[in-house]
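# just to be clear, the model below is a prediction. Sequence and coordinates:
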Amino acid sequence: MIGYIVHRSHNNQELQCMDNVPTNMKRVNSFQRFMNRRAAANGRYQPTCYEHAANCYTHALLIVPAFIGMALLYRLSDDGWERVTAWVYGTGLCALFLVSTVFHIVTWKKSHMREIEHCFHMCDRVVIYFFIAASYTPWLNLRELGPLAAHMRWFVWLMAAAGTIYVFNYHERYKLVELAFYLTMGFFPALVVTSMNNTDGLQELAWGGLIYCLGVFFFKCDGVIPFAHAIWHVFVALAAAVHYYAIWKYLYRSPAADVIRDV
Ligand SMILES: [Zn+2]
């Protein structure tokens, strides 16, 4: 018999971590005891407490590096525009890991507080839209763009706001639509960025984008691959690190950065 209890109360959640499930109810593969059954369509997957812990730690460990990264870019800034850009990008980076960590802690430890958990789940989804906008901001703000392409500077934030409105109205209702929105927002501004005259750093940007896309595979594998969500977190962290490296190297560290000051 493959499956066992999926919807457990908060109190008996610990039982499974202690491997206290009757032998005939355990999964055949011992590795699979780290994972629960796949959720029903439009239902939410219930992680095991091993998975809960992994979900928390994989993003919690990145909060401090994200703040240090923001401070470093701020210090490397040569003018006010670079400082504002460092602050916006850094805030998006820190907010992503901070909100994700708090959400996963609440889901793990306070899942009985439904309203609060629901609220943090929405924040976790909303922050992704703002993180994508923030990730493009250094490229859009600090590289020279054509008159039409320059509109992307505000349009990414409009898309983030639209995504937020969507989350507040249709949270968890149409999961594939939500995924399509994230992918659209992730790739649409790239059309502008890749059309810039200065192509330094685009290779790293593309690598980061590819890592995010590979991670989406795991994002969709809860209940199929143990620790799928934590693996998704690791892909997010790797992609964010690659993008940070490119921003640091080509837009802040490089004295040849073609900073625009006419905005
Ligand atoms: Zn997560």
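Received the coordinates, thanks.
# need the contact list for residue 151.
Residues near residue 151 by C-beta atoms under 8 Å, 6 or more residues apart in numbering: none. All C-beta atoms are positioned from the backbone trio N, CA, C, and that covers glycine.
# and residue 153, which helix or strand is it part of?
For residue 153, the element it lies in under DSSP states H and E is helix 152-170.
# list the buried residues in that helix.
Using 16 or more other C-beta atoms under 10 Å as the test for burial, helix 152-170 gives 152, 153, 155, 156, 157, 159, 160, 163, 164, 166, 167.
# what is the mean pLDDT for that helix?
Mean per-residue pLDDT for helix 152-170: 91.
# and the residue nearest to residue 136 when sequence neighbours are not counted, which helix or strand is it part of?
Leaving aside its chain neighbours, residue 136 sits nearest to residue 189 (4.6 Å; criterion: C-beta to C-beta, 6 or more residues apart in numbering). Using DSSP H and E, residue 189 sits in helix 175-193.
# now swap in residue 122 and tell me
helix 114-142.
# taking helix 175-193 as reference, get the angle to that helix.
Taking axes from the mean of the first three to the mean of the last three C-alpha atoms, to 10 degrees, helix 114-142 and helix 175-193 form an angle of 20 degrees between their directions.
# could you shift the numbering so residue one becomes 40, and keep it that way?
Sure, I'll start counting at 40 from here, so that last one is helix 153-181.
# which elements pack onto helix 153-181?
Applying 3 or more C-beta pairs under 8 Å, 6 or more residues apart in numbering; DSSP states H and E, we find helix 153-181 packed against helix 119-148, helix 191-209, helix 214-232, helix 267-286.
# just for the stretch 140-289 of the chain, where's the confidence low?
Along the stretch 140-289 of the chain, the model assigns pLDDT under 70 to residues 150.
# please report how far residue 203 lies from residue 183.
30 Å (C-beta to C-beta, to the nearest Å).
# make that residue 253, sorry
As judged by C-beta to C-beta, residue 253 and residue 183 stand 31 Å apart.
# now swap in residue 225 and tell me
23 Å.
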